[in-house]
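K.L.:
Sequence and predicted structure, then a few things I'm wondering about:
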There are 2 protein chains.
Amino acid sequence: MTEQVVTPWKVEGKIDYLKLIERFGCDPIDGKLIKRFEKVTNVKAHPWLRRGIFFSNKDLNSILDDYEKGKQIYLYTGRGPSSEVMHLGHLIPFMFTKYLQDTFDAILVIQMSDDEKFYFKGNSEGKRVEDYNRLTYENAKDIIACGFNVDKTYIFSNFKTCGGDLYQNTVRVLNSVTGNKIKAIYGLDLDCTNGQLVWPSFQCSPAYSNSFPDILHKDGKYSDELPDGSKSYVGEHIRCLVPMAIDQDPYFRMARDFADRYKHQGYLKPSTIHTKFLVSLGGIGAKMSSSGNEPTLYLNDTMKEIKSKVNKYAYSGGKETLELHKKYGGNLNVDVSYQYLLYFCDDDLVLRDIAHKYRSGEMLSGEIKKIMIEYVSKIIQEHQDSKSKITPEILRKFFTRNREFDYSRKERSEIELEEDSVYDNYGVGFDREFGAKPSEEVLEYESKLYTF
Amino acid sequence: MTEQVVTPWKVEGKIDYLKLIERFGCDPIDGKLIKRFEKVTNVKAHPWLRRGIFFSNKDLNSILDDYEKGKQIYLYTGRGPSSEVMHLGHLIPFMFTKYLQDTFDAILVIQMSDDEKFYFKGNSEGKRVEDYNRLTYENAKDIIACGFNVDKTYIFSNFKTCGGDLYQNTVRVLNSVTGNKIKAIYGLDLDCTNGQLVWPSFQCSPAYSNSFPDILHKDGKYSDELPDGSKSYVGEHIRCLVPMAIDQDPYFRMARDFADRYKHQGYLKPSTIHTKFLVSLGGIGAKMSSSGNEPTLYLNDTMKEIKSKVNKYAYSGGKETLELHKKYGGNLNVDVSYQYLLYFCDDDLVLRDIAHKYRSGEMLSGEIKKIMIEYVSKIIQEHQDSKSKITPEILRKFFTRNREFDYSRKERSEIELEEDSVYDNYGVGFDREFGAKPSEEVLEYESKLYTF
């Protein structure tokens, strides 16, 4: 005799149902309960109840309690649509559910878990997401045929209900990575919650344009309308660019790997563009953060607070005494004010001037902090002004999906380009110190100052 | 010097960006690329590009290629809304994104990953799903303030876009179970795909009535309207009953555990009711399945096919020869036809008669098969008739969510109950053989026949 195995994926061996009830912590349906069922519902117990076919329960009495009190209850069952046609065994729960619907006059929701089938059957027999979704509607006919009351029943495809096109892509990604890969990429393992393990895929999916067909492919090519009124985008994708801080890159390596695996379905690898981190006021080696203990400039800080924080916390590359500073100058690499000016002072000439003056010792720490405060305050003040003008209507409009978008592109006249040599000093080749290099003597002196 | 750590959750140590580029397999943004950027877009490179602040990329050239060809591209960035107010560092990617939007005249989608923050910050500071969702709208103001073009920008809350209320519950469940718990319950581990690991939570969430507030709580209590036009259900839940085959129970143990953890938020444990499996035609020890090699009765089988399959494959409890059968009778426990009649022959008197006649040897295998074929054919024929009447309109109506449902409950007159002793023989106490017990002699004979 094979030992019994009962999981959602495998049933094997001769099953001792009473043992199962015990193992699963359920309760048997006994005559007492059936009697109460009839008493409360005023409906004769179904033969399958009577005959111990529906034999086990958990809290059926609570349903009866509520029903007895006149409270509403609802029914939920489901079907993983994995094949063109259902077999008789599949019908049992639905037939019984129909009976329960009639008995309790209850609303019934039926989850067609086309996503689950994709997860667990994957691409077997060449099936794709679209195929499992199609089987939802096929199988639903078999379910409806059991006689459910349309006015009390809602059947839904997970693919189409749980987020639509976007979710559908999420599912594709979810299915393309194993837990081990997630562990390798993110260091997430079984100690993490499911939400954590699954998150990367959710972050990837908006990087494919067919996640937003209504916005990005309004006049594109679509499948015929499906029974739930939805359509699938089947046209060409458009490419996506993802600007982000560099720490987000692992997500998009995964997003790109995925697109590569799905290129035969028209998926395009999202492009990425990465920023460094704005350093903390406390100095280099930490990114600005609201979670750590580092002093942080918040967007709702007053101008007074900004000034005070910068003066108090902004790590300075200046020297300890006026005399030493005049002699050795300010270290541009570690000076936080200078780092911020690299972000917020747009004018190269102005910045070059600051660099040279500060590096030479002509400009003092207090002075460069003051300049930085001016630039940063302006940015934050403008931001606050702009924010104060956001009406609820504007906010709502941003969150509204079903509306007109502007796809026009401006005509622009050609601009004059710089010499090649100018470009050579852009990007990673950029000299952040504008040639304001310290002397050997200064370097030697400063080498003793910093441990990082 | 601390070693550099750069993950989406942690940034530590002094960062060597060129090494990072190498480690992450990205490309540096050099002057050549910046030149091309200007040439293609006819827009001056942003200072942050020039200065190596946005310093790394992957396939920016492909974006430029497409832009050059007049093809549409789009932008995607995001924000995990974890705090009431964003800080300056947060602004960098958005300010640059605004620049890119202007430069490329591109549609931009902004994912507010309130779900991610719930996954990774959990209930810290007492925050709940609703709080993270609220922060989405708070933080969005900071983002909008960067000056995005409303006609080209779509901001969305994952909670509200990726499936709405149902998804929101899924997220709650996802966040309540670790990978280890999933492993313990389902045997799923890191060798599984993310989709598999995550699936159980998706199956749980429809068991909470607030997943379907529009259907189940139409006139219930809701929060004020949120900026995307959605509302959150904040009233009492109604209880759910889940009819299913017993193998699905692990899901609902989890669903119940979850509800228990969330009872302070009004969640109710779903009730469950379980069925045994309809045995395979081939005999007990296997449930009917369309995936195995067992002979299976499909709902689109012709009546001729049903007859042929049953006659050919249905495991018989009858004896080898007519003589032996007359002497020892049919074994009701192993006879598949009898098992099916337990499902499909509703009339106890008829079934009792069959049981006694077959057990005594009076009824032959061919005869009980014939009876079973009649019952099963009727079920399947009725099913096929019913299915054939499903018009596309009916199918569509089932899949339509936004419509009227019928919440009425029928008035029923009281029915007469059976004696207590009758109920004693119902449910798990039911005698499937109707007292048609074999003699000791038969039992001894049969004990040599079956190995299971």
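P.N.:
Yep, it's here. Since the structure is predicted, the reported quantities are computational estimates derived from the model, not experimental observations.
K.L.:
Identify the single longest helix in chain A, thanks.
P.N.:
With DSSP state H setting the assignment, residue counts place helix A:365-388 as the longest helix in chain A.
K.L.:
ok, how many other residues are close to the closest residue to A:M363 other than its chain neighbours?
P.N.:
Nearest residue to A:M363, sequence neighbours excluded (C-beta to C-beta, 6 or more residues apart in numbering or on different chains): A:K357, at 3.9 Å. Where you see a C-beta, it was placed from the backbone N, CA and C, and this is true even at glycine. The number of residues packed near A:K357 is 17, by other C-beta atoms under 10 Å in any protein chain shown.
K.L.:
Could you give the number of residues near A:E305?
P.N.:
Counted with other C-beta under 10 Å, residues neighbouring A:E305 total 13.
K.L.:
And for A:I390?
P.N.:
For A:I390, the neighbour count with other C-beta under 10 Å is 15.
K.L.:
Please list all residues in contact with it.
P.N.:
The neighbours of A:I390, taking C-beta atoms under 8 Å, 6 or more residues apart in numbering or on different chains as the test, are B:K141, B:I144, B:A145.
K.L.:
can you tell me which of the residues you listed are in helices?
P.N.:
Using DSSP H, the members of the contacts of A:I390 that fall within helices are B:K141, B:I144.
K.L.:
Which of the contacts of A:I390 sits closest to B:L135?
P.N.:
The shortest gap between B:L135 and any of these belongs to B:K141, at 10.8 Å (C-beta to C-beta).
K.L.:
Hmm, A:L395 and the closest one touching each other?
P.N.:
Yes - applying C-beta atoms under 8 Å as the test, B:K141 and A:L395 come out as touching, 6.8 Å apart.
K.L.:
Checking the residue nearest to A:M363 next. Helix, strand or coil?
P.N.:
helix (DSSP: H, G, I helix; E, B strand; the rest coil).
K.L.:
What residue in chain A is the furthest from its centre?
P.N.:
Distance from the centre of chain A peaks at A:E323, with 53.9 Å (C-alpha atoms, centre = their mean).
K.L.:
Shouldn't it be within a helix?
P.N.:
Yes - with three-state DSSP as the criterion, A:E323 is part of a helix.
K.L.:
Look up how far A:L364 lies from it.
P.N.:
According to C-beta to C-beta, to the nearest Å, A:E323 and A:L364 sit 12 Å apart.
K.L.:
again with A:M372
P.N.:
Plainly put, A:M372 is 13 Å away from A:L364 if you go by C-beta to C-beta.
K.L.:
Equivalent analysis for A:K58, please.
P.N.:
If you measure A:K58 against A:L364 using C-beta to C-beta, the figure is 75 Å.
K.L.:
higher neighbour count, those two?
P.N.:
A side-by-side neighbour count of A:K58 and A:L364, using other C-beta under 10 Å, places A:K58 first with 23 against 18.
K.L.:
In this structure that one contacts B:A259, no?
P.N.:
No - the pair A:K58 and B:A259 fails to qualify as a contact (C-beta under 8 Å) at a distance of 11.6 Å.
K.L.:
follow-up on the earlier one: mind pulling up the pLDDT for the residue nearest to A:M363?
P.N.:
Here, the pLDDT recorded for A:K357 equals 97.
K.L.:
which neighbours do A:M372 and A:L364 share?
P.N.:
Joint contacts of A:M372 and A:L364 (C-beta under 8 Å, 6+ apart) do not exist.
K.L.:
returning to what we had before: which ones among the contacts of A:I390 also lie next to chain A?
P.N.:
Counting by C-beta under 8 Å from any C-beta of the partner chain, B:K141, B:I144, B:A145 from the contacts of A:I390 sit close to chain A.
K.L.:
now, which of the residues you listed sits nearest chain A?
P.N.:
In terms of C-beta to the nearest C-beta, no member of those lies closer to chain A than B:A145, at 3.9 Å.
K.L.:
ok, how many other residues are close to A:R256?
P.N.:
Other residues near A:R256 come to 23 when the count uses other C-beta under 10 Å.
K.L.:
just the one 3 residues further on next, same as before
P.N.:
A count of neighbours around A:A259, defined by other C-beta under 10 Å, yields 24.
K.L.:
Does it touch A:K269 like I think?
P.N.:
Yes - assessed by C-beta under 8 Å, A:A259 is found in contact with A:K269 at 4.3 Å.
K.L.:
Flag the shaky bits of chain A, pLDDT-wise.
P.N.:
A:1-14, A:164, A:166, A:176, A:284-294, A:451-452 (pLDDT under 70).
K.L.:
Spell out the residue ranges of the helices in the stretch 151-300 of chain A.
P.N.:
The residue ranges that make up the helices of the stretch 151-300 of chain A, judged by DSSP state H, counting those that start in this stretch, are A:158-161, A:164-176, A:179-186, A:194-204, A:213-216, A:249-261.
K.L.:
my bad, the stretch 1-150 of chain A
P.N.:
For the stretch 1-150 of chain A, the helices defined by DSSP H, counting those that start in this stretch occupy A:17-24, A:31-41, A:47-50, A:60-68, A:88-104, A:114-121, A:129-144.
K.L.:
looking at the ones you listed, which is buried most?
P.N.:
helix A:114-121 (a mean of 24; mean count of other C-beta atoms under 10 Å in any protein chain shown).
K.L.:
for that one, packing partners?
P.N.:
With contacts defined as 3 or more C-beta pairs under 8 Å, 6 or more residues apart in numbering or on different chains; DSSP states H and E, the secondary structure elements packing on helix A:114-121 are helix A:129-144, helix A:158-161, helix A:164-176, helix B:194-204.
K.L.:
So which elements touch the shortest one?
P.N.:
This points to helix A:158-161. Counting by 3+ C-beta pairs under 8 Å, 6+ apart, the elements that helix A:158-161 packs against turn out to be helix A:114-121, helix A:129-144, helix A:164-176.
K.L.:
hmm, try it at 6 Å
P.N.:
helix A:114-121 (3 or more C-beta pairs under 6 Å, 6 or more residues apart in numbering or on different chains; DSSP states H and E).
K.L.:
can you state the direction angle for the helix it packs on and helix A:129-144?
P.N.:
Compare the direction of helix A:114-121 with that of helix A:129-144 by axes from the mean of the first three to the mean of the last three C-alpha atoms, to 10 degrees and you get 120 degrees.
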